[in-house]
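**Q** Output the structure for:
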Amino acid sequence: MYILSDESLNQEQKAAIYTNDNVLLIACPGSGKTRTLIYKIAYELSKMTSSKQFVIAITYTNTAAEEIKERVEILGVDTTQLWIGTIHSFCLHWILRPYYGEFKHEVRQFQKPYDNQQAEQISLMV
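**A** Numbering: from 1, shown residues only. This next block holds a predicted model:
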């Protein structure tokens, strides 16, 4: 398990790191939010007991994701069970891609939209 060695964190930051729940940090710029999240991620990764477990961190930008991952690695924590990226890449990687094969046969090419005359004929038939 990762042991926190940075004494520059205050009690609130340490409480956020060691809580067993999810964390949402709201604080002013320069208050140590990113550092707290990095230590929280490192702590959670160090508690992993199964290869089927993951820590998922969602950021606004890919640049932020890369920086956070690098900073966790600097702490000496294995990041093979860390997935970090934007909300868009999360949806693609964890929601859409795993099920694409099941629905591939249902994906069809979209047809050109109806012109006004066809739309009127369809509405009359309904």
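
**Q** rest of the way, CA atoms for contacts and neighbours
**A** OK.

**Q** Mind telling me what element Glu66 is part of?
**A** Assessed by DSSP states H and E, Glu66 sits inside helix 62-74.

**Q** Give me the buried stretch members for the helix or strand following that helix, please.
**A** Going down the chain from helix 62-74, the next helix or strand is strand 82-86, by DSSP H and E. For strand 82-86, burial by neighbour count (16 or more other C-alpha atoms under 10 Å) applies to Leu82, Trp83, Ile84, Gly85, Thr86.

**Q** So the first one sits against Ile58, correct?
**A** Looking back up the chat, that one is Leu82. No - contact criterion C-alpha atoms under 8 Å: Leu82 and Ile58 do not qualify, at 10.9 Å.

**Q** ok, and the helix or strand in this structure with the lowest average confidence?
**A** Least confident helix or strand, the chain: helix 116-125 with a mean of 56, by mean pLDDT, DSSP states H and E.
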